[in-house]
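Enquirer: The following block contains a protein sequence and its predicted model.
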Amino acid sequence: MSYRRTLRLLCGAAGAASTALLLSRLGDQDGDQDGDQTGLWSRSRVLQAAQPTWPTANHTPLPSGPAWDFNWDKRDPSALSNGKKKEKEELSSEPEKPKATRNILLIRHSQYHLSGTGDKEKVLTPLGREQAELTGQRLAALGLKYETLVHSSMSRATETANIISKHLQEVELVSCDLLREGAPIEPVPPVTHWKPDAVQYHEDGARIEAAFRRYIHRADAKQKEDSYEIIVCHANVIRYFVCSRSCDPVVMVSFRALQFPPEGWLRMGLNNGSITWLTVRPSGRVGLRTLGDSGFMPVDKLTRT
C-alpha cells in the first residue's frame, strides 16, 4: 500500500495526531523498500509539529491577565470577616450575603453647543433636546422600576436629565458634582487633539474614582429585590466606569467594573443620549448588557460630540 493511500485512510480513521505517530513507524518498517525514508520522516515531523497541545484532563482556558477580583468593591461578605475562622456558636454573626442585583443605566448627555465659553453656555442644541426626549421615551418603554435618576451638575447633563425625567415623573432626581466631566487617566495610545496636563489627571482622576466607588458596587445585604438606577453623565466618566485597573496609592491596584486595562478607555466611542447598562451581581460579578446603545434613535438624530 502506498504511503499516500495509507495517510488518507489513517486521517479518516484515527485523526491527524495518530497519523503522524503511525507514519513514523511505517517509515521505520518500509523506508528501505520505498527508498524515500528521508522524505517520509520530513513529512511526519511537519504533521507532528502542526498538532495543538491539548490538556489531558482540564479543558478550561487559563486567563491571560490578572485573575478576577471578587472583592473589587470591598463588599465581599467573606472578606468582611477579615478571613478569621469562627466557632460554630459564632456562625450566626457572620455578615449577611447580598441577594439582589443592581442594574445601573449610564446615559451620556445629549448634543450641546461646543462653542460656549463656559459651562452655563454649553447647553443642549435643538437636536440635543430631541435626543433627550428619545432617550426618555426609550427608558420609559423598558418598563423598569427605576429608583433614582442621578445626574452630573454640568449644564448639558442637567438639562438632559430634566428632559428624561418628564418621562419618568415618579423617579427621584439627584444632582452630583462627582459625575462632572474630566480626564480620569492618561489614555494609551495618546491622542494629539486632547492633552490635559498632569494636574488635571491627578484632580479629575481622584474625583471620578470617588464617583465610581459611590455608585458602582454590589447591592447591600438588606436589599431584597433587584434595583434599576439611572446615571446621566459624560462619555469620559462612563468609559472609565466600564474599564478596569487604576493606580491607587494605598492598595496599588483597584479594579473598575469589567476589570479591563483602564488606559484603554478612550478607545470606546459613545453617541449622545446613548445607554450603557451595567449589572452587578450579589457575588460581585459584573456584566455589560449594552455599551452606548442608541439603536432606538433615527439615523439622522445620531451624533457623537
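Expert: Happy to help now that I have it. Numbering: from 1, shown residues only.

Enquirer: pretty sure Leu124 is touching Glu130, no?
Expert: No. The pair Leu124 / Glu130 is not scored as a contact, 9.2 Å apart, by C-beta atoms under 8 Å. Backbone N, C-alpha and C define where each C-beta goes, glycine included.

Enquirer: does Gly143 count as helix, strand or coil?
Expert: coil (DSSP: H, G, I helix; E, B strand; the rest coil).

Enquirer: OK, contacts around it?
Expert: With C-beta atoms under 8 Å, 6 or more residues apart in numbering as the criterion, no residue contacts Gly143.

Enquirer: Just checking, which helix or strand succeeds the helix or strand of the chain with the lowest mean pLDDT along the chain?
Expert: Every helix and strand of the chain was ranked by mean pLDDT, DSSP states H and E. The lowest is strand 252-254, at a mean of 34. Reading on from strand 252-254 to the C-terminus, the next helix or strand found by DSSP states H and E is strand 275-280.

Enquirer: Which SSE is immediately downstream of that next one?
Expert: Per DSSP H and E, the helix or strand that comes after strand 275-280 is strand 286-293.

Enquirer: Need the nearest residue in space to Asp220, chain neighbours excluded.
Expert: Nearest non-adjacent residue to Asp220, counting by C-beta to C-beta, 6 or more residues apart in numbering: Pro98, 6.7 Å away.

Enquirer: can I assume that neighbour sits in a helix?
Expert: No. If the criterion is three-state DSSP, then Pro98 is coil and not within a helix.

Enquirer: Let me know whether Thr290 touches Ile275 as I believe.
Expert: Yes. With contact defined as C-beta under 8 Å, Thr290 reaches Ile275; the gap is 6.0 Å.

Enquirer: Neighbour count: the two, which is higher?
Expert: Ile275 (23 against 14; other C-beta atoms under 10 Å).

Enquirer: For the more buried one, give its distance to Phe296.
Expert: Look at Ile275 and Phe296: by C-beta to C-beta, to the nearest Å, they are 8 Å apart.

Enquirer: and the residue nearest to Asp220, what is it in contact with?
Expert: Counting by C-beta under 8 Å, 6+ apart, Pro98 touches 75, 77, 218-221, 223, 282.

Enquirer: again, 7 Å this time
Expert: Applying C-beta atoms under 7 Å, 6 or more residues apart in numbering to Pro98 gives the contacts 218-221, 223, 282.

Enquirer: Pop out the phi and psi values for Tyr112.
Expert: Backbone torsions of Tyr112, given as degrees, to the nearest 10, read phi -140, psi 170.

Enquirer: who does it bridge with?
Expert: As for beta bridges, Tyr112 partners with Leu124 under DSSP bridges.

Enquirer: right, and it touches Leu127 too?
Expert: No. With contact defined as C-beta atoms under 7 Å, Tyr112 does not reach Leu127; the gap is 9.8 Å.

Enquirer: who's more crowded, the two?
Expert: Using other C-beta under 10 Å as the criterion, Tyr112 and Leu127 rank with Tyr112 on top: 25 against 18.
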